[in-house]
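Student: what follows is a predicted structure for the sequence shown.
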Amino acid sequence: MAMDRINGPSLNQAGMLDRFKVDQKNKESVEKSHSDHSHSTAATPPADRAEISDTAHQLMDLRAAVDVGRAAMDREPEVREDKIAQAKMRLEQGFYNSQEVQDIVNGALGKVLEKLDEI
């Protein structure tokens, strides 16, 4: 199972990972160009430039992954008929009347009541 997919297109879409390689090459090219200009005698002012940090790139990639996940969730129906059918079947079979299920529900409710007492 590929971990770069979440019910949809690859998280590597549009070359997200390749952008790091391109950025590194651009950075090296700018640094080389900058060092070449420092040796020249012409008094040309340095060009304005802006850099986007690696953290900002990572945040953009994370945002893209979140968007892919949200799009996958949006494709899911709000009411899951399979879960409703399963619950109806369990109800008819008496699953929810078993001691095990009652113990789990009692434990969960007990924790909720304890939290309410703290408030």
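Tutor: Received it, and whenever you're ready, just let me know what you need. Keep in mind the model is a prediction, meaning the values are calculated, not measured. Numbering: from 1, shown residues only.
Student: helix or strand right after the worst-scoring helix or strand of the chain on mean pLDDT?
Tutor: Lowest by mean pLDDT, DSSP states H and E among the helices and strands of the chain is helix 16-39, with a mean of 59. Later in the chain than helix 16-39, the nearest helix or strand by DSSP states H and E is helix 54-75.
Student: helices and strands around that next one, which ones?
Tutor: Helix 54-75 sits against helix 16-39, with contacts defined as 3 or more CB pairs under 8 Å, 6 or more residues apart in numbering; DSSP states H and E. Every C-beta, even on glycine, is put in place using the N, C-alpha and C of the backbone.
Student: what stretches of the chain score poorly on pLDDT?
Tutor: Scanning the chain for pLDDT under 70 picks out 1-42.
Student: at 80 instead, please
Tutor: 1-44 (pLDDT under 80).
Student: measure L62 to M89 for me?
Tutor: 40 Å (CB to CB, to the nearest Å).
Student: before we move on, which element is K88 in?
Tutor: helix 81-93.
Student: with just CA atoms, put the helix or strand following that helix into PDB.
Tutor: Tracing the chain past helix 81-93, the next element assigned as helix or strand by DSSP H and E is helix 99-118. The C-alpha coordinates for helix 99-118 follow below in PDB (Å, rounded to 0.1, in the frame of the first residue of the first chain):
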ATOM      1  CA  GLN A  99     -22.300  -8.000  29.000                       C
ATOM      2  CA  GLU A 100     -19.100  -7.100  27.200                       C
ATOM      3  CA  VAL A 101     -20.700  -4.200  25.300                       C
ATOM      4  CA  GLN A 102     -22.500  -3.000  28.400                       C
ATOM      5  CA  ASP A 103     -19.200  -2.900  30.400                       C
ATOM      6  CA  ILE A 104     -17.600  -0.900  27.600                       C
ATOM      7  CA  VAL A 105     -20.400   1.600  27.500                       C
ATOM      8  CA  ASN A 106     -20.500   1.800  31.300                       C
ATOM      9  CA  GLY A 107     -16.800   2.500  31.400                       C
ATOM     10  CA  ALA A 108     -17.000   5.200  28.800                       C
ATOM     11  CA  LEU A 109     -20.000   6.900  30.500                       C
ATOM     12  CA  GLY A 110     -18.200   6.700  33.900                       C
ATOM     13  CA  LYS A 111     -15.200   8.600  32.400                       C
ATOM     14  CA  VAL A 112     -17.500  11.300  31.000                       C
ATOM     15  CA  LEU A 113     -19.300  11.700  34.300                       C
ATOM     16  CA  GLU A 114     -15.900  12.000  36.100                       C
ATOM     17  CA  LYS A 115     -14.900  14.800  33.700                       C
ATOM     18  CA  LEU A 116     -18.200  16.600  34.300                       C
ATOM     19  CA  ASP A 117     -17.600  16.400  38.000                       C
ATOM     20  CA  GLU A 118     -14.200  18.100  37.500                       C
END
